[in-house]
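Trainee: Quick one, structure for this:
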Amino acid sequence: MSAKQNEPADSTVLHLDQFASGAAAKPVPAAEQGVTVMVRLAAAEAVEHGAAPVVPKDGGAMSGKEMLGAVSYCYAKGVFESDEIERKMLKDPALRDAVRGEMPDAKAIRRFRALNRGAIQTTLEKAFGFLRRKEKAELMKPLPGQPALPPVTDPAGESTVMYAKHQAEDRVQQASFVDNMSKD
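Mentor: Residues are numbered from 1 along each chain as shown. Modelled structure (predicted):
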């Protein structure tokens with residue numbers, strides 16, 4: 001049996017090219033559009049509000065905002081290890097083309113995470129908050145021919161805020177733990 005057969009199947013498909021400016025737009029499955037769109041919006045908002053991400057000099061051709069979006073997206077999708085993020089980036093031909101082959105390596109991704117932990121967490125909080133509000137709105141839509149449901153009273157969105165904060169903290173901590181276990 002070859003080493004390739006012993007490797008687990010790569011089940012997490014990432015659309016990382018969506019985070020590089022100049023990438024040829026390819027269609028993203030409808031189920032993925034929410035996550036990619038929400039993380040891109042959250043990364044842009046985090047950068048606009050002062051979270052200027054620092055990209056290590058060996059971070060490739062991705063800008064801080066692009067790297068923030070890509071790393072945050074990976075964490076949102078459950079890909080935490082910098083080596084695995086690097087592999088996913090290398091497998092994305094549209095991303096490689098967009099950054100002219102100047103991809104960040106695992107060490108640069110690890111440093112980016114360490115230097116930008118707060119910006120990544122803020123981005124994830126915003127993205128999970130956007131997604132949670134979108135899910136709640138979908139649940140509240142009446143079925144055809146049915147009366148509209150009364151609005152849910154959560155004026156401050158406290159449950160959404162806490163959910164988003166918890167999800168973001170958990171993923172940033174998982175990424176830190178995984179990277180510390182596999183450090184070179």
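
Trainee: can you list the weak-confidence ranges in this structure?
Mentor: Confidence mapping of the chain against pLDDT under 70 gives the ranges 1-35, 50-54, 56-59, 137-143, 146-158, 183-184.

Trainee: quick one: the helices in it?
Mentor: Defined through DSSP state H, the helices belonging to the chain, from first to last, are 3-6, 30-48, 64-76, 82-90, 93-98, 106-115, 117-140, 158-181.

Trainee: Would you agree residue 79 is in contact with residue 87?
Mentor: No. Using CB atoms under 8 Å, residue 79 is not in contact with residue 87; the gap is 9.3 Å. Using the backbone N, CA and C atoms, a C-beta is placed for each residue, glycine as well.

Trainee: Looking only at neighbour counts, state which of those two leads.
Mentor: For residue 79 versus residue 87, the count of surrounding residues by other CB atoms under 10 Å is larger for residue 79: 20 against 14.

Trainee: just the helices of the chain: most buried one?
Mentor: Burial among those, expressed as mean neighbours by mean count of other CB atoms under 10 Å, is greatest for helix 64-76, which shows a mean of 26.

Trainee: which helices and strands sit right next to that helix?
Mentor: Secondary-structure packing of helix 64-76 (3 or more CB pairs under 8 Å, 6 or more residues apart in numbering; DSSP states H and E): helix 30-48, helix 82-90, helix 106-115, helix 117-140, helix 158-181.

Trainee: So which of those helices is nearest residue 60?
Mentor: Smallest distance to residue 60 across those (CB to CB): 6.8 Å, for helix 106-115.
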